[in-house]
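**Student:** Output the structure for:
(2 chains, ligands or ions: 6)
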Protein chains: 2
Amino acid sequence: MKKHNFSAGPSILPQSVLLKASEAIVDYNNTGLSLIEISHRSKEFVDIMENARALALELLGLEGKGYKALFLQGGASTQFLMVAMNLLEKRAGYLNTGAWSAKAIKEAKKLDDIYEVASSADANYNYIPKGYDVPSDYDYFHCTSNNTIFGTQMKSFPKTSVPMVCDMSSDIFSRVIDYSQFDLIYAGAQKNMGPAGTTLVVIKEDILGKVSRDIPSIMDYKLHIKAGSMFNTPPVFPVYTTMLTLEWLKGLGGVAAIAEENEKKSRLMYSEIDLNPLFKGFAAKDDRSMMNATFNLTNDNLKETFETMLKEAGISAVNGHRSVGGYRASMYNALPLDSVKALVEVMSELEAKA
Amino acid sequence: MKKHNFSAGPSILPQSVLLKASEAIVDYNNTGLSLIEISHRSKEFVDIMENARALALELLGLEGKGYKALFLQGGASTQFLMVAMNLLEKRAGYLNTGAWSAKAIKEAKKLDDIYEVASSADANYNYIPKGYDVPSDYDYFHCTSNNTIFGTQMKSFPKTSVPMVCDMSSDIFSRVIDYSQFDLIYAGAQKNMGPAGTTLVVIKEDILGKVSRDIPSIMDYKLHIKAGSMFNTPPVFPVYTTMLTLEWLKGLGGVAAIAEENEKKSRLMYSEIDLNPLFKGFAAKDDRSMMNATFNLTNDNLKETFETMLKEAGISAVNGHRSVGGYRASMYNALPLDSVKALVEVMSELEAKA
Ligand SMILES: Cc1ncc(COP(=O)(O)O)c(C=O)c1O
Ligand SMILES: Cc1ncc(COP(=O)(O)O)c(C=O)c1O
Ligand SMILES: [Mg+2]
Ligand SMILES: [Mg+2]
Ligand SMILES: [Mg+2]
Ligand SMILES: [Mg+2]
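**Tutor:** Numbers count the residues shown, from 1 in each chain, chains lettered A, B, ... in the order given. Ligands and ions are numbered 1, 2, ... in the order given. Predicted coordinates:
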């Protein structure tokens, strides 16, 4: 039985991408060699890297606007540190909307002064704070566009004169926004892009080179840009598979096309959560994430029955994060509408039964 | 035609490993899900990670001796920084035997005082310095066991009371030595272990926790150990494929068995270099690497003929590194003796022709 994969990350990828990636492991493009046993300096791989970098900018609408795309190692967690290393001179402002924002704040604080412009920690991060100010003398402002764990998502971003940095790990390429309002975007591949092991960083080049610290080479965005994202051996397979997913997305019609699909999926999901009396949503309605729907049973006695029904329907990985409990349905770009239909059907059946 | 793959890294992997890795991309162990779309916290992946970590210690003979194995991201280049972050309080000693050692020194110097105990830079690193001292009040001593670019290899290591750190990126698991003389070993996977995208770090735990700096979380070995090498999302596919290669090596009889093969391959290679008047070796004879044989034509006019013959024989990636020139035959664990035979045959044919 083909599974309906709601995993929060690493997560579902398009079937066509998985097939091509699998073939490349045995023989890359009839070269007689596996993709993973050729030099990263070979024409074959340099082309893959350049294609992936160009596709990322194209899909975000950032071509020819002074941005560079990098595919690095270390996950989004490494970016918590690299952002501060490269941009923090005196003080920066962070919006605290969840566990990931809090971790970004913790790492930046080790280097210098960090100010929380606002926080929703008071309500276990079930909403996005609004109406805060970002002082114009800060080095940068940092936010997390989508909170994977709590299922909240920023629908708008502050207008500010300071560089805006955004962790888009769990919603990049999923919706139509003006990506040029950001000066630095980063995102681990393992939700909307590819397998774990590479992180996309998109940087407006003119924000770099302004701090006085002697940045370690491997943390220095400028050096990575200069080396064409090959300062050292890149994670070949994750980058290739990410390139395939970006090609797939472009083939579908890009971010605008997938955004429509994502709206359909999340509308269906949330209307079931709202209309079905056995379930209630966790996040504030205005701040609900299109990517991760968090919800709970209103009657805990139904837990076992519900989970058995999920299993029988081939629905996998809808367990909530341990800090929230309940359920989380992650509906990333590659998740078909049919998978949401299957989940919603089980929820209705439970209501019919109960 | 199956290629003879002498790539210096990323490099050849066992065919059986490539096939299993390729299958896992489509369906992992009949779970109905791809390996790269399941949670890294799933039992399936936690088992892979634990197996890979245990195999690494077992194959190095370091089980039950106070060591922990980690599979991190960022390449060996990230270890240049992490080693210093975690161990450097006042001063450390580095042996400079090539470009990689020099980079390790450069990064550590950004943090504190570094002393080059000896260097072979005077002769374009074609030998390994000997007879140097490591002062007993240093925080640690760092060396590079095998110089991938120059084709030199340390045959013995200093006896010292300070912790010994070794970059074994290009010869780990290839020869029988007492691995317990080291306190920290690191190695990028992409030579003797697996695909690019993960780095093995083996640490004697009692050397940690002795520096005063506030180590960034993602750079802190203690946190990675505490989290079972899952402080953040690990590079799932590179770790899995590395696990498969370590299983393959164990199946062959471990390091002792592969070391015999490696000796046969390098003996054959170097005897051709020495006996054939058209070629001469680059590295000092006593310090020759079993992994990377570097050599030059004695008559540059034969370059085109030689390279055409190599191509016709399906021999790929024997070009030397740009800083050395000439040729480099990398003979990692997964390279069959037959591939060396094929290369040596071409070299003999060239002699017969010339
Ligand atoms: C929004 C967000 N930021 C950061 C991270 C951390 O990513 P990584 O595990 O790649 O370091 C995650 C992981 O799920 C995430 O969802
Ligand atoms: C001995 C040695 N150390 C370090 C490195 C750098 O490794 P990475 O590219 O994974 O950072 C290499 C790469 O070839 C190497 O051969
Ligand atoms: Mg702006
Ligand atoms: Mg309801
Ligand atoms: Mg010792
Ligand atoms: Mg000779």
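**Student:** What segments of chain A are strands?
**Tutor:** Taking DSSP state E to define them, one finds strands in chain A at A:4-5, A:67-72, A:91-96, A:113-119, A:141-144, A:146-147, A:152-153, A:164-167, A:184-188, A:199-204, A:279-281, A:292-297, A:315-316, A:327-330.
**Student:** Pull the contacting residues for A:V176.
**Tutor:** A:V255, A:A256, A:A259 (Cβ atoms under 8 Å, 6 or more residues apart in numbering or on different chains). For every residue, glycine as well, the C-beta is placed using N, CA and C.
**Student:** which residues touch A:V17?
**Tutor:** Residues in contact with A:V17, defined by Cβ under 8 Å, 6+ apart, are A:T241, A:L244, A:T245, A:W248, A:A334.
**Student:** Report the buried members of these.
**Tutor:** Applying 16 or more other Cβ atoms under 10 Å in any protein chain shown to the contacts of A:V17, the neighbour count classes A:T241, A:L244, A:T245, A:W248, A:A334 as buried.
**Student:** Closest one to ligand 4 out of these, please.
**Tutor:** Compare each of these with ligand 4 using Cβ to the ion and the shortest gap goes to A:A334, at 27.2 Å.
**Student:** show me what contacts the closest one?
**Tutor:** Residues touching A:A334, when contacts are defined by Cβ under 8 Å, 6+ apart, comprise A:S11, A:I12, A:L13, A:P14, A:V17, A:N192, A:T245.
**Student:** do the same with A:S145
**Tutor:** With contact set as Cβ under 8 Å, 6+ apart, A:S145 has these partners: A:Q153, A:M154, A:F157, A:C166, A:D167, A:M168, A:S170, A:D171, A:I172.
**Student:** Let's have those residues in JSON lines, adding pLDDT, neighbour count and distance to B:D178.
**Tutor:** Conversion of the contacts of A:S145 to JSON lines gives the following (pLDDT from 0 to 100; neighbours: other Cβ atoms under 10 Å in any protein chain shown; distance: Cβ to Cβ, whole Å):
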{"residue": "A:Q153", "pLDDT": "98", "neighbour count": "24", "distance to B:D178": "55"}
{"residue": "A:M154", "pLDDT": "98", "neighbour count": "22", "distance to B:D178": "55"}
{"residue": "A:F157", "pLDDT": "98", "neighbour count": "16", "distance to B:D178": "57"}
{"residue": "A:C166", "pLDDT": "99", "neighbour count": "25", "distance to B:D178": "50"}
{"residue": "A:D167", "pLDDT": "98", "neighbour count": "28", "distance to B:D178": "45"}
{"residue": "A:M168", "pLDDT": "98", "neighbour count": "26", "distance to B:D178": "48"}
{"residue": "A:S170", "pLDDT": "98", "neighbour count": "29", "distance to B:D178": "47"}
{"residue": "A:D171", "pLDDT": "98", "neighbour count": "27", "distance to B:D178": "51"}
{"residue": "A:I172", "pLDDT": "98", "neighbour count": "28", "distance to B:D178": "48"}
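**Student:** Could you identify the most distant pair in these?
**Tutor:** When the contacts of A:S145 are compared pair by pair using Cβ to Cβ, the two farthest from each other are A:F157 and A:S170, 15.9 Å apart.
**Student:** isn't A:S174 right next to A:M290, touching?
**Tutor:** Yes - applying Cβ atoms under 8 Å, one finds A:S174 in contact with A:M290, separated by 6.6 Å.
**Student:** Now do the shared contacts for these two.
**Tutor:** Overlap between the contact sets of A:S174 and A:M290, as judged by Cβ under 8 Å, 6+ apart, is given by A:N262.
**Student:** Which residue of those two possesses the greater neighbour count?
**Tutor:** The residue with more neighbours, out of A:S174 and A:M290, is A:S174; 27 against 22, by other Cβ atoms under 10 Å in any protein chain shown.
**Student:** could you check the distance from that one over to A:E263?
**Tutor:** Taken as Cβ to Cβ, to the nearest Å, the spacing of A:S174 relative to A:E263 amounts to 10 Å.
**Student:** anything in contact with each of these two?
**Tutor:** Residues within reach of A:S174 and of A:E263 at once, by Cβ under 8 Å, 6+ apart, are A:M290.
**Student:** Turn the strands of chain A into a markdown table, including distance to ligand 1.
**Tutor:** Written out in a markdown table, the entries for the strands of chain A read as follows (distance: least, Cβ to the nearest ligand atom, whole Å):
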| stretch | distance to ligand 1 |
| --- | --- |
| strand A:4-5 | 16 |
| strand A:67-72 | 11 |
| strand A:91-96 | 13 |
| strand A:113-119 | 16 |
| strand A:141-144 | 5 |
| strand A:146-147 | 6 |
| strand A:152-153 | 10 |
| strand A:164-167 | 5 |
| strand A:184-188 | 3 |
| strand A:199-204 | 6 |
| strand A:279-281 | 19 |
| strand A:292-297 | 9 |
| strand A:315-316 | 18 |
| strand A:327-330 | 10 |
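**Student:** Of those strands, which is nearest ligand 6?
**Tutor:** Taking Cβ to the ion, strand A:67-72 is the member of the strands of chain A nearest to ligand 6, at 42.8 Å.
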